[in-house]
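[1] I would like the atomic coordinates for the input below:
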Amino acid sequence: MGTLKTEPARTRLDLLAPPVAAAVGQWPAEAPVHVDDVLVAPINADLADTAAFCEAYDVGLDVSANCVVVAGKREGQVRYAACIVLATTRADVNGVVRKLIGARKASFAPMADAVDLTGMEYGGITPIGLPEEWPILVDSRVIATPHVIIGSGVRHSKIALPGPALGVLPGAQVVEGLARPAQ
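    Coordinates of the predicted model:
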């Protein structure tokens with residue numbers, strides 16, 4: 001986890017966006033990953049973007065996971081989904097994702113929509129605490145990673161947790177080939 005100074009997220013809810021804090025506060029006791037394995041670390045908000053963050057905190061791109069919000073439209077209805085992919089890859093938005101959400105066309109959701117609908121800051125959106133009706137599509141490489149770093153809903157901190165935890169979030173679906181290697 002590089003030079004991050006982590007502590008259990010449930011003890012530092014002040015470092016999380018309100019919907020993320022609520023989800024951590026309601027973490028099920030029977031979850032396969034204990035709430036104390038969900039860690040948070042403060043960071044410089046100016047270094048929240050993946051490349052800058054990884055360089056500044058000595059975190060590998062191969063353990064940094066991005067959450068991208070995708071919007072797809074079919075029959076006039078907009079459908080949203082969150083895609084969790086390692087920073088070494090890119091989500092296959094108009095192939096795999098489009099098919100999984102049943103849309104004719106899919107693209108990254110506009111920033112204003114993503115922020116408004118999630119209650120999180122752009123650049124810090126995380127799969128923990130997303131709207132319940134959204135599918136969370138997790139690339140299989142993410143859950144194969146022992147520990148990953150993800151957003152916390154705000155730009156001034158990051159969450160560290162076991163990769164497999166992302167595959168068991170409510171609404172999560174592990175997808176083989178969700179992402180392609182970054183060029």
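
[2] just the buried positions in stretch 145-160, please.
    145, 148-155, 157-160 (16 or more other C-beta atoms under 10 Å). Quick note: C-beta positions are derived from backbone N, CA and C, even for glycine.

[3] and the helices in this protein?
    Under the criterion DSSP state H, the chain carries helices at the ranges 18-25, 50-57, 98-100, 111-118, 140-143, 163-166.

[4] which stretch among the ones you listed approaches Val78 most closely?
    The closest of those to Val78 is helix 111-118. By C-beta to C-beta, the value is 8.5 Å.

[5] could you dump the closest one to CSV, C-alpha only?
    Extracted in CSV, the C-alpha atoms of helix 111-118 (Å, rounded to 0.1, in the frame of the first residue of the first chain):
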residue,chain,number,x,y,z
MET,A,111,-19.4,14.5,-14.6
ALA,A,112,-22.3,16.5,-13.2
ASP,A,113,-24.7,13.5,-13.4
ALA,A,114,-22.1,11.2,-11.7
VAL,A,115,-21.5,13.6,-8.9
ASP,A,116,-25.2,14.4,-8.4
LEU,A,117,-26.4,10.8,-8.5
THR,A,118,-23.7,9.4,-6.2
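
[6] now do that helix and helix 18-25, the angle between them.
    Taking axes from the mean of the first three to the mean of the last three C-alpha atoms, to 10 degrees, one finds that helix 111-118 is oriented at 40 degrees with respect to helix 18-25.
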